[in-house]
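> My questions are about this predicted structure, shown below with the sequence.
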Amino acid sequence: MKHAHKRLDNQRFDHRILAVFVALAILTLLAAARTTRHLRLTGSAPEQDAALEASPAEIRLWFSLEPELAISRISLSCHDTEKLGELHAGDENSLYIEVESDLEPGGHTVVWRTSSGDGHPIRGTIPFSTPLAR
């Protein structure tokens, strides 16, 4: 009788351990699914806080999902005289815009916003600098 009782206690303990592992696996899968379903910025050119050697020819942003071009915007918050071209959708879930004139030397900030099919808008800023005149 003692062995049967001990075996039953061991089985309960084994089931609890199994339940904990299953719960952890489910939580891990849910967290992974949540981060992959929502749009997020995965890269940029120029990169965050880059000190460029010359004015960039374009600004390009890469995302985890395909961004909606119709509601996307990219601008520069630095000077009013710079002219940016038309915004385009690129390969690999990217958006890009040509910089049609050289940027003045100094600090600049890319200001962007977009959304994807998930309906959650995201936005951000990317500061960078171009070389100062010598």
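Ah, there it is. Given the structure is predicted, the values throughout are model-derived calculations rather than measurements.

> lowest-pLDDT helix or strand in this protein?
Lowest on mean pLDDT, DSSP states H and E among the helices and strands of the chain sits helix 2-37, with a mean of 65.

> Tell me the helix or strand right after that one.
Sequence order places strand 41-45 as the next helix or strand after helix 2-37, per DSSP states H and E.

> Flag every buried residue along that following strand.
41, 44-45 (16 or more other Cβ atoms under 10 Å). (Each C-beta comes from the backbone N, C-alpha and C, glycine too.)

> which residues pair with the residue nearest the centre of the chain across the strands?
The centroid of the chain falls nearest to Leu41 when counting by Cα atoms, centre = their mean (2.0 Å). Beta bridges link Leu41 to Phe63 when assigned by DSSP bridges.

> State the pLDDT value of it.
In this model, Leu41 is scored at 97, pLDDT.

> so how far is Leu87 from it?
Leu41 is 15 Å from Leu87, where distance means Cβ to Cβ, to the nearest Å.

> Just give me the closest of the buried residues of strand 41-45 to Ser77.
Ser77 has its nearest neighbour among the buried residues of strand 41-45 in Ser44, at 14.9 Å by Cβ to Cβ.

> residues in contact with that closest one?
Contacts here follow Cβ atoms under 8 Å, 6 or more residues apart in numbering; on that basis Ser44 touches 59-62, 110, 126.

> Looks like Phe128 contacts Ala54 (just checking).
No. Because the distance of 11.8 Å does not satisfy Cβ atoms under 8 Å, Phe128 is recorded as not touching Ala54.

> the more surrounded of these two?
Ranked by neighbour count (other Cβ atoms under 10 Å), Phe128 and Ala54 place Phe128 first, with 22 against 9.

> So in terms of bridging, what pairs with that one?
For Phe128, the beta-bridge partners are Ala50, His108 (DSSP bridges).
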